[in-house]
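**Student:** got a predicted model here, sequence first, then my questions.
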Amino acid sequence: MTKILGISGSLRKASFNTGLMRAAAENVPDGVDFDAATLHGIPLYDGDIEKESGIPDAVTALKQKVMAADGVILFTPEYNNSIPGVFKNAIDWLSRPSADIAKVFRDRPFALAGASPGNFGTILSQNAWLPVMRTLGAELWSGKRLMLPRAETLFDANGMLTDEGARDRLTAFVKAFADYAAAQRKV
């Protein structure tokens with residue numbers, strides 16, 4: 001069984017990206033266990049908090065999910081042509097203490113997916129993730145990217161993916177990434 005973790009980079013209830021992650025979890029191929037995570041409960045990174053109180057429980061829980069996964073899909077929104085602050089903040093917390101970077105990120109397959117109301121999907125956000133993932137030593141899967149533009153036409157008011165073509169693309173994306181993650185695990 002290949003374990004894939006999806007992390008939504010949005011806090012909004014009817015988020016397109018949380019909906020995309022939910023749709024991925026509902027349409028996993030055989031042999032794939034898909035776990036979903038959000039950023040709720042993760043505070044803003046503050047080195048003083050880390051020094052005085054250690055790593056917050058919400059961060060530790062997410063870190064454990066990442067380390068248990070064979071591969072991680074970042075379902076990333078695009079805010080002002082880049083990475084959402086709350087998502088980057090969570091990844092910054094996951095890299096603390098710095099001794100944990102290798103356990104959490106090093107050689108772990110990561111993939112990027114996203115939906116946006118704009119005409120270009122989340123291409124700029126996904127591009128902005130590249131140096132972050134390289135710096136952390138993640139194995140960034142370049143087999144495919146999933147960028148869904150004009151997301152308001154693909155999702156209903158509750159953030160549920162309703163477009164069958166988008167659902168088919170998502171299912172193929174998750175399967176291809178899971179196959180890659182499984183192959184990396186065997187290497």
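**Tutor:** Looks like it arrived, so ask away.

**Student:** would you mind listing the buried residues in the longest helix along the chain?
**Tutor:** Counting by DSSP state H, the longest helix found in the chain is helix 164-186. By 16 or more other C-beta atoms under 10 Å, the buried positions in helix 164-186 come out as 166-167, 169-171, 173-182, 184. Heads up, the C-betas are built off the backbone N, CA and C, glycines and all.

**Student:** quick one: contacts for the residue nearest the centre of the chain?
**Tutor:** The residue lying closest to the centre of the chain (C-alpha atoms, centre = their mean) is Leu74, at 1.5 Å. Contacts for Leu74 (C-beta atoms under 8 Å, 6 or more residues apart in numbering) come out as Ile7, Gly9, Phe87, Phe110, Ala111, Leu112, Ala113, Trp129.

**Student:** same check on Pro29?
**Tutor:** Counted by C-beta under 8 Å, 6+ apart, Pro29 has contacts Thr171, Val174, Lys175, Ala178.

**Student:** among the contacts of Leu74, which are located in helices?
**Tutor:** Phe87, Trp129.

**Student:** and the furthest pair within the contacts of Leu74?
**Tutor:** Set against one another by C-beta to C-beta, the contacts of Leu74 have their most distant pair in Phe87 and Ala111, with a gap of 14.6 Å.

**Student:** check contacts around Leu124.
**Tutor:** Here Leu124 is in contact with Glu78, Asn81, Ser82 (criterion: C-beta under 8 Å, 6+ apart).

**Student:** quick one, grab the pLDDT at the first one.
**Tutor:** Reading off the per-residue confidence, Glu78 sits at a pLDDT of 94.

**Student:** contacts only, for the residue nearest to it when sequence neighbours are not counted.
**Tutor:** In space, Glu78 comes closest to Ser125 once its chain neighbours are excluded; the distance is 3.7 Å by C-beta to C-beta, 6 or more residues apart in numbering. Neighbouring residues of Ser125 by C-beta under 8 Å, 6+ apart: Thr76, Pro77, Glu78, Tyr79, Asn81, Ser82, Ile83, Pro84, Gly114, Ser116.

**Student:** what's near enough to touch the third one?
**Tutor:** Taking C-beta under 8 Å, 6+ apart as the criterion, Glu78 is in contact with Pro84, Gly114, Ser116, Gly118, Gly121, Thr122, Ile123, Leu124, Ser125.

**Student:** can you tell me which of the contacts of Leu74 has the most neighbours?
**Tutor:** Comparing those by number of neighbours (other C-beta atoms under 10 Å), Gly9 comes first, having 29 neighbours.

**Student:** surely that residue meets Phe87?
**Tutor:** Yes - between Gly9 and Phe87 there is a contact under C-beta atoms under 8 Å: 3.3 Å.

**Student:** overlap in contacts of the two?
**Tutor:** With C-beta under 8 Å, 6+ apart, Gly9 and Phe87 have common neighbours Leu39, Leu74, Thr76, Pro77.
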